[in-house]
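Build me a model:
(chains A and B)
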Number of protein chains: 2
Amino acid sequence: MARLVMKFGGTSVADLDRIRNVAAHVKREVDAGHQVAVVVSAMSGKTNELVAFCRGAALLHDAREYDAVVASGEQVTSGLLAITLQAMGVDARSWQGWQVPIVTDQAHGAARIASIDGTRVIQQMEEGRVAVIAGFQGIAPDGRISTLGRGGSDTSAVAIAAALKAERCDIYTDVDGVYTTDPRVVPKARRLDKVSFEEMLEMASLGSKVLQVRSVELAMVHRVRTFVRSSFEDPANPKTMPNGDPFGTLICDEDEIVEQQVVTGIAYSKDEAQISIRRVADKPGVAAAVFVPLAAANINVDMIVQNVSSDGKETDITFTVPAVDYERAVSVLESNLEGIGYQAIEGAKDVCKVSVIGIGMRSHAGVAADAFQALASKGINIRAITTSEIKISVLIDAAYTELAVRTLHSVYGLDKA
Amino acid sequence: MARLVMKFGGTSVADLDRIRNVAAHVKREVDAGHQVAVVVSAMSGKTNELVAFCRGAALLHDAREYDAVVASGEQVTSGLLAITLQAMGVDARSWQGWQVPIVTDQAHGAARIASIDGTRVIQQMEEGRVAVIAGFQGIAPDGRISTLGRGGSDTSAVAIAAALKAERCDIYTDVDGVYTTDPRVVPKARRLDKVSFEEMLEMASLGSKVLQVRSVELAMVHRVRTFVRSSFEDPANPKTMPNGDPFGTLICDEDEIVEQQVVTGIAYSKDEAQISIRRVADKPGVAAAVFVPLAAANINVDMIVQNVSSDGKETDITFTVPAVDYERAVSVLESNLEGIGYQAIEGAKDVCKVSVIGIGMRSHAGVAADAFQALASKGINIRAITTSEIKISVLIDAAYTELAVRTLHSVYGLDKA
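Numbering: from 1, shown residues only, chains lettered A, B, ... in the order given. Just a heads-up that it's a prediction; the model follows:
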């Protein structure tokens, strides 16, 4: 017997039939003797409709009112799922964010969870009652409804799992796990049984859409074992691993991963643009002079490369921004020419960042060299390189994206079953 | 400067355009220097959709979950109206039932308001902030959302007006007031400037759809001056009375009505069925033997007539039930023949109850006689008669309904402008 949190997104609760399917998944876990809390999103399309209402009422609108309107979507789903569970003979009740309570900060519209008091929910779960919790929402210190920003239900689920001291947080989604890379690019991509929080964080931030970055951060901080699995399995009899474990990918502490791979996955991120600032002074304060104005203009800077100056006087700085912000970024830099001091700005819009991710590379030499060699053997030019402890990222021409991903996937042995 | 409650129903907030119209009505009162609380229903059709969701999930469903689902409709409208008001430069915020709080009893799905703590709302209204309150809902002692049952927004509005010590509760509706009778039957029907709580209660319970009976009861108990007016007037420049007062009907204490009419209105109620029980014993307990089984079968009995027995041994009892319950009522009585003891049951389905209502008849003799004479002059047979202090009701064949209503409307001088 364990305590589980199960999270279902908007497409999983899109209509009454899909809600019945969710209820069957829940019933299976209850029948297995588990204490269950379910976190639900709004029916798919509903949140967009409510957001459109708010925009139609006024383009600039009070975030507190937006929250009251938009949070109603999850309120409806939570009630309907509780009714459906009861009809199946499963004791259940709905919990709105303010009822739990899930206390957030005051940042209405994009709030962060500050604390969750799980006492009453746990008490009812121990009495055998399934807790159906409206995701994506909480109550702010002003006593008003808050929402966590779009897609925040994953984050709700992980935070609730932490507060309820759940053994596992199951994220039901439209894929059956986390893959070594994008299967649309590499048909040989393999589902990972386990992946560490740190690796998943790198993958999530690199555009893998399986989980929200914030939810992975939270899972890592609170050590919430998070399990990605498919909501399209037969609820009564879902596919299992050969050892009987459920089928999917467990995101967990690296200590729990017995057979560490050197490289776990290959991620890529298109729609990036590269900007290089040539011959800036190599002195304190130059990097700040470049990036403070960009931050003020709300431009998200990703990869930053600055090499050691050869002459100790001047250097080049290269970084990437989202392709849509490219022109704006260049114009911000040009209008700050005086403050920065540089010879020229160069840039390219059709670039892609490809990353090799693996906790094992901390203790393995030569991982980067293998990547560079493999890319060179295919004639792929590397524009820039950055590395972290568990990641090597290279910036290349976008046209070579698929070739680079396939090459790297193969060179690290990820193709093998 | 006064404190006002304004209530708008589902058709008045059906879409963003209609919500903007509501906001313009509110802005007018704010600009006139009033403190305003607005009570809103869900967008028309929304509640039906949410109820259908609950029924689709399970025909028999937990009323607490039903409440969570259905109350979301008013939650959306309250937020959207607050946003719209802000966009017009009017300071406003939404209040959910649990935020006020509006505390109800535990009867989820058809709860009654137990108490309203208006302190915080009043405080914000005094700071010049319009309170947009979600109607139809509250919070039950179990800490969960409750709803007041269908159409409960009128009741919310009146209860809120009492709690906020408002000078007036304006009910915006699709008619411009309360009429002396149904204008579809009597084109000469006149709008009443004022009507007493007691009279309105009789009219409301007799099928005048302008206000819910419960809201009138509550207004009477708490002496809430309730004003029925049209939401289709030009919000910026609505029609007024010759003396500058707003145009509509004020439901108020009879002391406030200077020129008392003997008769205020003629109401009628179709879809009634008459049942007469012949030759029941004239002894204690017989009436109970008849009506207890009917109540147990959830059949609503309206008019009850029992005459004084001529021989002291046997009498007849006549009463009316909704036409749809006629067959069921007869079968209940037949299966209780032994307990009641009677000779025969007679009945008629095509009957109508017509009522003459007026506080003035308390002090005027001959009002009933006038009615009977007028009906006789048109050859309308009276099947049964009941009276209260301020009402005379006659049961007639349904075919004569319009003729009877027109005749009575005329005989009491209500046709005159």
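
Cross-check the contact I'm expecting between A:Asp142 and A:Asp62.
No: A:Asp142 is not in contact with A:Asp62 according to C-beta atoms under 8 Å; the separation is 12.0 Å. Just so you know, the C-beta spots here come from the backbone N, C-alpha and C atoms, and that holds for glycine as well.

And these two? Which one has more around it.
A:Asp62 (22 against 11; other C-beta atoms under 10 Å in any protein chain shown).

Not counting sequence-adjacent ones, nearest residue to the more buried one?
Nearest residue to A:Asp62, sequence neighbours excluded (C-beta to C-beta, 6 or more residues apart in numbering or on different chains): B:Gln86, at 5.6 Å.

What's the local residue count around that neighbour?
Neighbours of B:Gln86 using other C-beta under 10 Å come to 20.

Skipping adjacent residues, who's closest to the residue nearest to the spatial centre of chain A in space?
Nearest to the mean C-alpha position of chain A, by C-alpha atoms, centre = their mean, lies A:Gln212 at 2.3 Å. Nearest non-adjacent residue to A:Gln212, counting by C-beta to C-beta, 6+ apart: A:Asp154, 4.5 Å away.

quick one: that neighbour is in a helix?
Yes: under DSSP: H, G, I helix; E, B strand; the rest coil, A:Asp154 sits within a helix.

re earlier: give the full set of residues in contact with the residue nearest to the centre of chain A.
A:Gly151, A:Gly152, A:Asp154, A:Thr155, A:Ala204 (C-beta atoms under 8 Å, 6 or more residues apart in numbering or on different chains).

Same question for A:Gln86.
A:Gln86 makes contact with A:Ala92, B:Ala58, B:His61, B:Asp62, B:Glu65 under the criterion C-beta under 8 Å, 6+ apart.

Give me the phi and psi for A:Ile116.
phi -130, psi 130 (degrees, to the nearest 10).

Any idea what it is bridged to?
For A:Ile116, the beta-bridge assignment (DSSP bridges) gives partners A:Ile102.

per-residue confidence at the closest residue to A:Trp98 other than its chain neighbours?
In space, and not counting its chain neighbours, A:Trp98 is closest to A:Ile139: 3.9 Å by C-beta to C-beta, 6+ apart. Note on A:Ile139: pLDDT of 97.

what's around A:Ile139, how many residues?
Neighbours of A:Ile139 (other C-beta under 10 Å): 22.

how about whichever residue of the stretch 101-250 of chain A sits closest to chain B, what does it touch?
Proximity of the stretch 101-250 of chain A to chain B (C-beta to the nearest C-beta) peaks at A:Gly143, 6.4 Å away. By C-beta under 8 Å, 6+ apart, the contact list for A:Gly143 reads B:Gln99.

where exactly do the strands run in the stretch 151-300 of chain A?
Along the stretch 151-300 of chain A, the segments classed as strands by DSSP state E, counting those that start in this stretch run A:168-173, A:194-196, A:226-230, A:249-252, A:265-281.

Relative to the fourth one, what are the paired strands and their orientations?
The one in question is strand A:249-252. Within its sheet, strand A:249-252 is paired with strand A:194-196 (parallel), strand A:226-230 (antiparallel), according to DSSP bridges.

then it to PDB, C-alphas only?
What follows is strand A:249-252, C-alpha atoms only, in PDB (Å, rounded to 0.1, in the frame of the first residue of the first chain):
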ATOM      1  CA  THR A 249       9.700   6.600 -17.200                       C
ATOM      2  CA  LEU A 250      10.600   7.300 -13.600                       C
ATOM      3  CA  ILE A 251      12.200  10.600 -12.900                       C
ATOM      4  CA  CYS A 252      14.100  10.000  -9.600                       C
END
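
contact partners of that strand?
A:168, A:177-178, A:191-197, A:200, A:211, A:216, A:219, A:225-229, A:256.

For the stretch 101-250 of chain A, what lies in contact range of chain B?
Within the stretch 101-250 of chain A, the positions adjacent to chain B are A:Gly143, A:Arg144, A:Ile145 by C-beta under 8 Å from any C-beta of the partner chain.

residue contacts, A:Asp117?
A:Asp117 neighbours (C-beta under 8 Å, 6+ apart): A:Val100, A:Pro101, A:Val103, A:Ala163.

before we move on, the earlier item: just the buried ones among the contacts of strand A:249-252, please.
Buried members of those, scored by 16 or more other C-beta atoms under 10 Å in any protein chain shown, are A:168, A:177-178, A:192-197, A:200, A:211, A:216, A:219, A:225-229.

are any of the contacts of A:Asp117 buried, and which?
Using 16+ other C-beta under 10 Å as the threshold, A:Val100, A:Val103, A:Ala163 are the buried ones among those.

Need the residues you listed in a markdown table (columns: pLDDT and distance to A:Phe53).
Compiled in a markdown table, those are given as follows (pLDDT from 0 to 100; distance: C-beta to C-beta, whole Å):
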| residue | pLDDT | distance to A:Phe53 |
| --- | --- | --- |
| A:Val100 | 97 | 26 |
| A:Val103 | 97 | 27 |
| A:Ala163 | 95 | 31 |
